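> Predicted model follows, preceded by the sequence.
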Amino acid sequence: MRIALVSLAAVAAAAAATPALANEARVEARGGVVWDGSDSDAVAGVAAGYDYDLGDKFFVGVQGSADKVLASNTRVSWGVGGRAGVKVQPGTKVYGVASWQSKYCRYCNSAVGVGAGVQQDLGSRYFVKGEYQHLLVGDSTPDADMGLIGVGMKF
């Protein structure tokens, strides 16, 4: 039984590692501002994702994030989403993004974010990016907007 479990774990690890050779994993630190009609606050966080190439020009990706509004009585908001875009020139990606974000505070609502961004490579391993998302909150809560700037590393 132990040999079967070890063998299964080895096959799963090899299968999970194989796609990383052809496409691109990334991690980033990011910060920015979130605002609604009456208020604005700074936000800081991290994100990790994986982009899959669809030929030479197009790509799709998945991403997970953890962001914190830097104001009192807030907590980390966990997010999951995806992006799809085009490589407009070597080292530059322009993309649309959609994500779900958990609540920023105890009595807040979760949100769905839609937006766009641009990512620019700095050499072969590092990148900077700028991103905008409109957060659709619902439940009579005003929608919000978020602008982020990130720096990261590709694997």
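Alright, I've got the coordinates.
> Next SSE downstream of the lowest-mean-pLDDT helix or strand in the chain?
The helix or strand of the chain with the lowest confidence, counting by mean pLDDT, DSSP states H and E, is helix 2-17 at a mean of 40. Counting by DSSP states H and E, the element after helix 2-17 in chain order, helix or strand, is strand 24-35.
> Pull the contacting residues for residue 27.
46-48, 152-153, 155 (C-beta atoms under 8 Å, 6 or more residues apart in numbering). C-betas here are computed from N, CA, C, even on glycine.
> Residue 56 now?
With contacts defined as C-beta under 8 Å, 6+ apart, the neighbours of residue 56 are residue 87.
> now it: how far from residue 88?
Residue 56 sits at a distance of 12 Å from residue 88 (criterion: C-beta to C-beta, to the nearest Å).
> Dig out what residue 151 forms beta bridges with.
In this structure, residue 151 bridges to residue 29, residue 128 when assessed by DSSP bridges.
> nearest residue to residue 132 other than its sequence neighbours?
Closest residue to residue 132 apart from its sequence neighbours, by C-beta to C-beta, 6 or more residues apart in numbering: residue 115 at 4.7 Å.
> In this protein, where is pLDDT below threshold?
Across the chain, residues meeting the criterion (pLDDT under 70) sit at 1-22.
> does the residue nearest to the spatial centre of it count as helix, strand or coil?
Compute the mean C-alpha point of the chain, and by C-alpha atoms, centre = their mean the closest residue is residue 63, 4.2 Å away. Here residue 63 is recorded as strand under DSSP: H, G, I helix; E, B strand; the rest coil.
> let's have the chain start at 31 instead
Okay, using 31 as the starting number, the last item reads as residue 93.
> Mind listing the residues bridging to it?
According to DSSP bridges, the residues that bridge with residue 93 are residue 79, residue 111.
> Going by neighbour count, which of the contacts of residue 57 comes out on top?
By neighbour count, taken as other C-beta atoms under 10 Å, the most surrounded of the contacts of residue 57 turns out to be residue 77 (22 neighbours).
> Excluding chain neighbours, give the residue nearest to it in space.
With C-beta to C-beta, 6+ apart as the criterion, residue 77 has its nearest non-adjacent residue at 4.0 Å, and that residue is residue 95.
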